[in-house]
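Q: structure for this input, please:
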Amino acid sequence: MIRAAFLLALLGLFCVFGYLYYVQYFKWRSCFNALGRCYDAEAGVVYHAQSGTIWASLAGLMLLAALYQAWRLRRAKG
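A: Got it, this is the predicted structure:
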């Protein structure tokens, strides 16, 4: 039961980090200048290209951890 809850938590974190990757980087990927910055004048926010690496890495790690936990949960039941 604890492994299943942990698996759901990891999947939730994967979704959160994936959403942040989309909002902070993917949506603005064509706007970045040579310094890796993109300024959104409407919101007054500067987006950084390096944030894409961070959010994608965190999302990938959570997905790998969730897949590992799913594999362990399936192996324990079988």
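Q: can we go C-alpha only for contacts and neighbour counts from here?
A: Will do.
Q: show the contacting residues for L7.
A: 66, 69-70 (CA atoms under 8 Å, 6 or more residues apart in numbering).
Q: can you give me phi and psi for it?
A: Main-chain dihedrals, L7, degrees, to the nearest 10: phi -60, psi -50.
Q: any idea how far R74 is from it?
A: With the distance defined as CA to CA, to the nearest Å, L7 ends up 11 Å from R74.
Q: before we move on, the earlier item: restricted to helices, list the contacts of L7.
A: Residues of the contacts of L7 located in helices (DSSP state H): 66, 69-70.
Q: got CSV for those residues, with distance to A49 and pLDDT too?
A: Shown next, in CSV, are the ones in helices among the contacts of L7 (distance: CA to CA, whole Å; pLDDT from 0 to 100):
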residue, distance to A49, pLDDT
A66, 27, 97
Q69, 31, 96
A70, 32, 95
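Q: which parts of whichever strand or helix holds L10 are buried?
A: Assigned by DSSP states H and E, L10 falls within helix 2-24. Going by neighbour count (16 or more other CA atoms under 10 Å), the buried part of helix 2-24 is 7, 10-11, 13-14, 16-22, 24.
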